[in-house]
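1. below is the sequence, then the predicted model.
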Protein chains: 2
Amino acid sequence: MSRKRLQASADGRPTVHTVAARAGVSIASASRVLNGVGGSPETIRKVRAAAAEVGYVPNAVARSLQSKRTGMIALAVEDIGNPVYVAMMRAIEAVVASSGRQLLVHATGGRIANETALLRRLAHRYVDGLILSPIRITEEHLGALADSPVPVVVIGQLPADTPVDNVRTDSRAGVALAVDHLVAAGRRRIGFVNGPLDTVPGAARDAGFRAALARHGIDLDDRLVEVGDFQYAAGRAATQRLLARSRPDAVVCANDLIAVGALHALLVAGHRVPDDVALVGMDDTELASMVLPSMSSVSLDATERGRIAAQLLLERINDPSLPPRRITVAPHLVVRDSSPTPDGRAKQWA
Amino acid sequence: MSRKRLQASADGRPTVHTVAARAGVSIASASRVLNGVGGSPETIRKVRAAAAEVGYVPNAVARSLQSKRTGMIALAVEDIGNPVYVAMMRAIEAVVASSGRQLLVHATGGRIANETALLRRLAHRYVDGLILSPIRITEEHLGALADSPVPVVVIGQLPADTPVDNVRTDSRAGVALAVDHLVAAGRRRIGFVNGPLDTVPGAARDAGFRAALARHGIDLDDRLVEVGDFQYAAGRAATQRLLARSRPDAVVCANDLIAVGALHALLVAGHRVPDDVALVGMDDTELASMVLPSMSSVSLDATERGRIAAQLLLERINDPSLPPRRITVAPHLVVRDSSPTPDGRAKQWA
DNA sequence: CAGACTCCCGGAAACGTTTACAGCAATCGA
DNA sequence: TCGATTGCTGTAAACGTTTCCGGGAGTCTG
């Protein structure tokens, strides 16, 4: 018995040929029925039956090759351990899933090399689009972004003329909210524990802090500013250094992980929070309400940014001719127990 | 000018045909050179040059279709926000990346439907293998696992005769470590805040707790046991309920998220930790050293389990004929400030 | 110097889909 | 009743890659 082609794939799993043969129709008819387009009632019945009997499941790879769509969206963030990215991820996952696609998460560790390698790998077309949240932006990024073979949405600041869909927040304004809040409560010696200044958020938050102090007519005391990376341990260490040489009555932190580290350092050093030293974090992550006292934090609405980024990406995938869009979500302050309530009195948490 | 086939793909990107035509060789030769197998020096030179000039990047989908490998590994966990899974993920990502593959993370939310749907979707072959860490196991799971079209490694308990690669820990023994530690420090009214009893870890930890108490000749007081889910908020609420009706001198929690919730509840209720009430968490996540006092926790070595699971999976992908393997990693206790040091005295953290 | 062996090359098939196209039968309108 | 339309169907091409196979040129061996 000679057949031009085997009726099942090499590993024995049924293919559309198997189904077609079993139903006694051509592969074209089988495919049409399986995709719900066309077919006579009789054909539909036979094909459906055959497919069910052999347990046919279409091969996603072959389908992708033909349709030029993989049904996958990539997300690249610096650190999957940072709860702010978890929140972002959840929001993105929700809209990606509702479009019937799957999410592929990359952790870049914030390293330029990883990110540009990732951007280059997009050329392999293993994914229909990318959401990238870089903390550093180099010329290399911009170049790779410019001629990316698949749509990319960037979450974070980007040079003004970059023709890339972009959702951002105003973290300068975010820091200002924190400073205003503390100044309103009478704090003047406000410390700042930041992430690396060569990162985009680090630089923006530094600028925001300086501007906010200036606006209130407060001279910046350099001994009140410390820099680490965006992690808990660094935040704790940086705060210890800061406390060793100065005496703040409030501390603003560039994200919640740093802030939890700062809280730890403050309490261990015997300071009362918020009575002696008030504390405001940033990102408003789950962590903020898990610690004691619960932390005030500036929300940059990671959930909303993620949701919007995912929607922008899906829209662009559907219509690549869209003009580049830029959307900004406004920060807001969430006051909890680590900073004075608006009336100026420190709330007691016990 | 008639060509049997276009030299570039529909969207204008170069294909192996483009490169071959430009180099003046056949696509077979071009492909061989690009894969580093065979080719005369002259051919190699020409093909490499042509590929560089047109910026050729092979299409991952087409390659997958031919090679029957996608180069992707899926990981399904219940909750990407739980730091224990973050640790696991990091370990898995490391070995997956070192094999040149990519990791695809799914969050199942612990819902059976999601997990079986995922298992079924594997039939699409969009991924070379799966690492699954389910918290509930149903007949449906076992069925789907049995005839999974791609290799699966399960992290967690599995019925003894399930022919699936499996890395597990002994969480009964883990709970026992915690209980032994607390009993050795003289605590007798030991509370237990668990996750749902219909989950595999929940059931195991419950059994472990009862067995450990029995071994020490302590009668179980049901008012000292509470159940919620495996999250922070539930842990806090469950502990509040527990404190409202009983007076423990120690609390064991089924994971660190619960334990942080418990810590919060204890401190807010005015209990000193560990002097009045000692606390031991489980999973030994980053969280344990981020709170104050830092938390003792039973490590189930998620990192190691993840690493091993990934290795098992890669081995099985390379050789599907391997017999099913089962590997157990032993728990160990990490004592921090929330429980008495081994000499029985509570350490002061301030 | 003939045969065997090695190396490199190109044609063509294969992976498993979807879909353009053409053929055919049945129905419709005039 | 006949041509046009409609609805299904099957053949075959296409997606972009890898690889089997046969042929040709060159080298080695006896």
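-> Received the coordinates, thanks.
2. what's next to stretch A:86-105, contact-wise?
-> Here stretch A:86-105 makes contact (C-beta atoms under 8 Å, 6 or more residues apart in numbering or on different chains) with A:71-77, A:80, A:127-128, A:131, A:133, A:155, A:285-286, A:302-307, A:309-311, A:314, B:72, B:80-81, B:102-107, B:126. Where C-beta positions appear, they are placed from N, C-alpha and C, glycine not excepted.
3. can you get me the start-to-end distance on stretch A:142-160?
-> End-to-end distance of stretch A:142-160: 12 Å, with C-alpha to C-alpha, to the nearest Å as the criterion.
4. can you tell me what sits against it?
-> Residues from elsewhere that reach stretch A:142-160 (C-beta under 8 Å, 6+ apart): A:88, A:116, A:119-120, A:122-123, A:125, A:127-135, A:137, A:162-168, A:200-201, A:204, A:305-306, A:309-310, A:312-313, A:316-317, A:320, A:326, B:13, B:57.
5. mind running it again at 7 Å?
-> The contact list for stretch A:142-160 (C-beta atoms under 7 Å, 6 or more residues apart in numbering or on different chains) reads A:116, A:119-120, A:122-123, A:125, A:127-134, A:137, A:162, A:164-168, A:200, A:204, A:305, A:309, A:312-313, A:316-317, A:320, B:13.
6. among the contacts of stretch A:86-105, the buried ones, what's the ChimeraX command?
-> Restricted to buried positions by 16 or more other C-beta atoms under 10 Å in any protein chain shown, the ChimeraX selection for those reads:
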select /A:71,72,73,74,75,76,77,80,127,128,131,133,155,285,286,302,303,304,305,306,307,309,310,311,314 /B:72,80,81,102,103,104,105,106,107,126
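7. ok, A:Leu132 to DNA strand C distance?
-> Distance of A:Leu132 to DNA strand C, given as C-beta to the nearest atom of the strand, to the nearest Å: 30 Å.
8. can you check A:Arg125 too?
-> Applying C-beta to the nearest atom of the strand to A:Arg125 and DNA strand C gives a distance of 14 Å.
9. residue contacts, that residue?
-> A:149-150, B:59-61 are the contacts of A:Arg125 under C-beta under 7 Å, 6+ apart.
10. against DNA strand D, which of those residues make the cut? List them.
-> Filtering the contacts of A:Arg125 for neighbours of DNA strand D using C-beta under 7 Å from any atom of the strand leaves B:Asn59.
11. any chance of the contacts of A:Arg125 in JSON lines, plus pLDDT?
-> Below are the contacts of A:Arg125 laid out as JSON lines (pLDDT from 0 to 100):
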{"residue": "A:Pro149", "pLDDT": "91"}
{"residue": "A:Val150", "pLDDT": "94"}
{"residue": "B:Asn59", "pLDDT": "96"}
{"residue": "B:Ala60", "pLDDT": "96"}
{"residue": "B:Val61", "pLDDT": "97"}
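12. what about the contacts of A:Arg125, which are in strands?
-> Nothing among the contacts of A:Arg125 maps onto strands, per DSSP state E.
13. among the contacts of A:Arg125, name the ones in helices.
-> Cross-referencing these against helices under DSSP state H gives B:60-61.
14. nearest to DNA strand C among the contacts of A:Arg125?
-> Nearest to DNA strand C out of the contacts of A:Arg125 is B:Val61 (C-beta to the nearest atom of the strand; 9.2 Å).
15. test my guess that that closest one contacts A:Thr70.
-> Yes. The criterion here is C-beta atoms under 7 Å, and B:Val61 meets it with A:Thr70 at 6.4 Å.
16. residues near the nearest residue to A:Val179 once chain neighbours are set aside, how many?
-> Leaving out its chain neighbours, the residue that sits closest to A:Val179 by C-beta to C-beta, 6 or more residues apart in numbering or on different chains is A:Ala212, at 3.7 Å. Using other C-beta atoms under 10 Å in any protein chain shown, A:Ala212 is surrounded by 23 other residues.
17. pull the contacting residues for A:Ala212.
-> Applying C-beta under 7 Å, 6+ apart, we find A:Ala212 in contact with A:175-176, A:179-180.
18. can you tell me the element it falls in?
-> Counting by DSSP states H and E, the element that carries A:Ala212 is helix A:200-215.
19. buried set for that helix?
-> So for helix A:200-215, counting by 16+ other C-beta under 10 Å, buried means A:200-206, A:208-210, A:212-213.
20. turn these into CSV, including pLDDT.
-> Output for the buried residues of helix A:200-215, formatted as CSV (pLDDT from 0 to 100):
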residue, pLDDT
A:Val200, 96
A:Pro201, 96
A:Gly202, 97
A:Ala203, 97
A:Ala204, 97
A:Arg205, 98
A:Asp206, 98
A:Gly208, 98
A:Phe209, 98
A:Arg210, 98
A:Ala212, 98
A:Leu213, 98
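21. of these, just say which sits nearest to A:Ile190.
-> Among the buried residues of helix A:200-215, A:Leu213 lies closest to A:Ile190 (C-beta to C-beta), at 7.1 Å.
22. that closest one - nearest residue in space that isn't next to it in sequence?
-> Residue nearest to A:Leu213 in three dimensions, not counting chain neighbours: A:Leu220, with 5.4 Å by C-beta to C-beta, 6+ apart.
23. could you do A:Gln311 as well?
-> A:Val95 (5.9 Å).
24. then A:Asp276?
-> A:Asp249 (7.2 Å).
25. so, low pLDDT: which residues of chain A?
-> Scanning chain A for pLDDT under 70 picks out the ranges A:1-7, A:10, A:342-350.
26. give me the number of residues near the residue of chain A found nearest DNA strand C?
-> Of all residues in chain A, A:Ser9 sits closest to DNA strand C, at 2.3 Å by C-beta to the nearest atom of the strand. Residues within reach of A:Ser9, counting by other C-beta under 10 Å, total 15.
27. same check, this time on A:Pro159
-> By the criterion of other C-beta under 10 Å, A:Pro159 has 9 neighbours.
28. do the same with A:Gly36
-> 8.
29. can you count the residues close to A:Val19?
-> Counted with other C-beta under 10 Å, A:Val19 comes out at 28.
30. give me the next element, helix or strand, following the helix or strand that contains it.
-> Using DSSP H and E, the element containing A:Val19 is helix A:16-23. As assigned by DSSP H and E, the chain's next helix or strand after helix A:16-23 is helix A:27-34.
31. and A:Ala160, helix, strand or coil?
-> Three-state call for A:Ala160 (DSSP: H, G, I helix; E, B strand; the rest coil): coil.
32. separation between it and A:Arg326?
-> To A:Arg326, A:Ala160 is 9 Å away according to C-beta to C-beta, to the nearest Å.
33. higher neighbour count, those two?
-> Neighbour count, other C-beta under 10 Å: between A:Ala160 and A:Arg326, A:Arg326 has more, with 14 against 7.
34. wait, that one touches A:Val164, no?
-> No. In this structure A:Arg326 lies outside contact range of A:Val164 using C-beta under 7 Å: 8.9 Å.
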